[in-house]
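1. this one's structure only:
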């Protein structure tokens, strides 16, 4: 992986004339682009016009001509040119402003020694305890501050924590071992279906099924891992993607076992270590002498997933210091070198796959017990992509980054669902839910282009030689 | 025997569509070594543009045959042009800023682009399935008995013919022209090509444009063959086409076409003789098995591990 040319930090593909400009800078000459102001603004205008023309070509047919069912059910084309004009105008003005005011400055500022990211203070030191306190205190805060909204807010919190746990689990595979897994959701599905099937068929409790689900998922991780781990990089990614799809298709079509697209419902809800959350005698509230409230289960589920996520994180952090964790790190930096140093790369990779899959299995059985209903539709590729996006956007390998990315992406998606603010801007007919995934995709691209190494990417290698404080290869080869 | 031959024709038709899309994957992978995940969605955009163009031009089965052919060619050209602008834009926005960055970054933007394109089309054109009234329903009976006649439809002839023409055209473009030469140079060694004066940015853009144009033709053919499209077709077809590219040997242009045809045949025969439900499972299993036992595909160069 480390021999991939895309990994090398050198500017392989500089634009034409970059070398000339670099030489001129060194010689103290003014850069060639420092033209008179008029010609620069004309060039900016021209560039903006080209961009606007491209925007017209892109949006003209597909936005301007919309297909709707006609009177005889056959499709007819309706014209709709206002949005096209808006898109073209936005692109033109935006590009012009960027050309005139932002990119010029940015080019001049590019000679400054340190990028912005390095001048920011390290946020890890205070963000981690802050987030932790917030996560633990959220239910209490919410129930006393906004009692009528508490159910919804805790639901979103539980969802975010589920994704944080999945992100941390995938982080073991992608961030630590450097293996690209696009089919992670398959293990999540296996965990969910294991719990759903065992609990509905045999009536076993959640606390027995949870480790079983993790074991099943880990076994599948090994099963997938064993044949494919000889593959490298993108090939591995595609095979894991295919594996994820196979699992989903089998769940969809094996109707005798999984009930196919109808899904499994009436999955038993979790109990408080044997005490059900019910109003009657023997329930949780009666045993503890509390007034019955449906919030008890919500809060319990919230703390359950918080605890499971934290366990994932602690295990990851601890395991990084074990020999296996060191081996993952070595593998990520240079597979050939670690193999020649006697690391059994197959076993090490298998361990990463199995442990990552195990946490997905745990999260899956939590998902099943929380929803009470699962179907193959919950485990499509979009989920895998979301989890991977959370890991990479957060900064592969960084625990805090993953948590922040999950809060931003999943919380942002949920926030878009009911923003009344947008309604007041775009009118009553504006439905923000339609734009959720579009915005999700665009944000994914934008964050990646803005910070290719993720939001938090300050990780150093866990082990250093004593007299070598800063390894030269660190920033270049991290997370490869 | 008749049944077998009929499936052969159907499989070749399906395989042609896969092959056209697979070329885009294989060319991009050959030059910049990334899986252009959004390629399947560019294909989907192409099929939407084609449907809009067909509806605007008012194509119907009642047209005289010469006119129908002319309109079809016009639609293919329009779709190729407009879709290649999409391909170019995707590269410009999502991949070029990340060139030389670490390996996962362009893959994530590619997935982001794929999600964006899908939801953009869903938003502007609606989530319903779009159907095209059949415009060339005729065909020829080839051979067989009264009980089972092997038939090839006009659409199938068009699809196989257009694919063959485009494949030959692209092969000539790659082997004979200056564009093709710079493309081959970039495929071998990007840095060396840049040193020798090949405009690498330009060549990569052109690769995306060619890939998108071929995917657009694939979109037209898919639309003509199946008659229904929706905003989600890009994902499934895209993965299948990628499977085809891997099967043929990623980076190899004849391999992509060969892999596409093979995958189409395998999928068709699997549906015909085993089970339709598991045809996708079969296709993906082939991908996995190929990668395990024949990692460089049928016609690909073996990957050399450099230290």
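-> All right, it came through fine. All values derive from a computational prediction rather than experimental measurement. Numbering: from 1, shown residues only, chains lettered A, B, ... in the order given.
2. quick one: is stretch A:178-191 near chain B?
-> Yes - contact between stretch A:178-191 and chain B, assessed by CB under 8 Å from any CB of the partner chain, occurs at residue A:180. The C-beta positions use only the backbone N, C-alpha and C, and glycine is treated the same way.
3. What mean pLDDT does that stretch get?
-> For stretch A:178-191, the mean per-residue pLDDT is 90.
4. Hmm, residue B:150 and residue B:144 touching each other?
-> Yes - applying CB atoms under 8 Å, one finds residue B:144 in contact with residue B:150, separated by 4.6 Å.
5. so what sits against both of the two?
-> Both residue B:144 and residue B:150 are contacted by B:2, B:5, under the criterion CB atoms under 8 Å, 6 or more residues apart in numbering or on different chains.
6. So these two - more neighbours on which side?
-> residue B:150 (19 against 15; other CB atoms under 10 Å in any protein chain shown).
7. Please list all residues in contact with the more buried one.
-> Residue B:150 is in contact with B:2, B:5, B:6, B:9, B:141, B:142, B:143, B:144, counting by CB under 8 Å, 6+ apart.
8. what helix or strand is residue 165 on?
-> All of this refers to chain A. helix A:150-171 (DSSP states H and E).
9. Hmm, no, I was thinking of chain B.
-> Here residue B:165 is assigned to helix B:154-176, by DSSP H and E.
10. Can you name the element that comes right after that helix?
-> helix B:178-188.
11. Now tell me what touches that following helix from outside.
-> Contacts of helix B:178-188 (CB under 8 Å, 6+ apart): B:27, B:30-31, B:173-174, B:192-193, B:196, B:198-200, B:203-204, B:206-207, B:251.
12. Compare the residues you listed and tell me which is most surrounded.
-> residue B:27 (28 neighbours).
13. any idea which element that residue lies in?
-> helix B:2-32.
14. Averaged pLDDT, that helix. What do you get?
-> Helix B:2-32 comes out at a mean pLDDT of 89.
15. In contact with residue B:254, which residues are there?
-> B:171, B:248, B:299.
16. and the strand or helix carrying residue A:47 with chain B, contact?
-> Per DSSP H and E, residue A:47 falls inside helix A:37-64. Yes - legend: contact between helix A:37-64 and chain B by CB under 8 Å from any CB is shown at A:54, A:57, A:58, A:60, A:61, A:62, A:63.
17. just checking, what packs against the helix holding residue B:27?
-> In terms of contacts (3 or more CB pairs under 8 Å, 6 or more residues apart in numbering or on different chains; DSSP states H and E), helix B:2-32 is packed against helix B:39-56, strand B:139-144, strand B:149-153, helix B:154-176, helix B:178-188, helix B:200-226, helix B:233-248, helix B:253-273.
18. Pipe these into a markdown table and attach mean pLDDT per row.
-> Below are those laid out as a markdown table (pLDDT from 0 to 100):
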| stretch | mean pLDDT |
| --- | --- |
| helix B:39-56 | 92 |
| strand B:139-144 | 76 |
| strand B:149-153 | 81 |
| helix B:154-176 | 91 |
| helix B:178-188 | 89 |
| helix B:200-226 | 92 |
| helix B:233-248 | 88 |
| helix B:253-273 | 90 |
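19. ok, back up a step: now for the helix holding residue A:165, which elements pack on it?
-> helix A:124-145, helix A:295-319, helix A:345-371, helix A:381-394, helix A:399-417.
20. ok, 10 Å please
-> Under the contact criterion of 3 or more CB pairs under 10 Å, 6 or more residues apart in numbering or on different chains; DSSP states H and E, helix A:150-171 touches helix A:124-145, helix A:185-202, helix A:295-319, helix A:345-371, helix A:381-394, helix A:399-417.
21. now the ones you listed in JSON lines, with mean neighbour count and distance to residue B:21?
-> Shown next, in JSON lines, are these (neighbours: other CB atoms under 10 Å in any protein chain shown; distance: least, CB to CB, whole Å):
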{"stretch": "helix A:124-145", "mean neighbour count": "13", "distance to residue B:21": "44"}
{"stretch": "helix A:185-202", "mean neighbour count": "25", "distance to residue B:21": "24"}
{"stretch": "helix A:295-319", "mean neighbour count": "19", "distance to residue B:21": "39"}
{"stretch": "helix A:345-371", "mean neighbour count": "25", "distance to residue B:21": "30"}
{"stretch": "helix A:381-394", "mean neighbour count": "25", "distance to residue B:21": "18"}
{"stretch": "helix A:399-417", "mean neighbour count": "21", "distance to residue B:21": "30"}
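22. which one of those helices lies closest to residue B:230?
-> Closest of the helices and strands packed on helix A:150-171 to residue B:230 is helix A:381-394, at 15.5 Å (criterion: CB to CB).
23. Mind checking if that closest one is in reach of chain B?
-> Yes - using CB under 10 Å from any CB of the partner chain, helix A:381-394 reaches chain B at A:381, A:382, A:384, A:385, A:386, A:388, A:389, A:391, A:392, A:393.
24. Is it possible to get a markdown table of these that adds pLDDT and distance to residue B:183?
-> Output for the residues of helix A:381-394 next to chain B, formatted as a markdown table (pLDDT from 0 to 100; distance: CB to CB, whole Å):
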| residue | pLDDT | distance to residue B:183 |
| --- | --- | --- |
| A:381 | 85 | 31 |
| A:382 | 84 | 34 |
| A:384 | 89 | 33 |
| A:385 | 86 | 30 |
| A:386 | 87 | 35 |
| A:388 | 88 | 31 |
| A:389 | 85 | 31 |
| A:391 | 88 | 34 |
| A:392 | 82 | 30 |
| A:393 | 82 | 33 |
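25. what's the closest of those residues to residue A:47?
-> With CB to CB as the yardstick, the closest approach to residue A:47 among these comes from residue A:393, at 29.7 Å.
26. sorry, back to before: please identify which pair of the contacts of helix B:178-188 lies farthest apart.
-> Checking the contacts of helix B:178-188 with CB to CB, the most distant pair is B:173 and B:192, at 22.0 Å.
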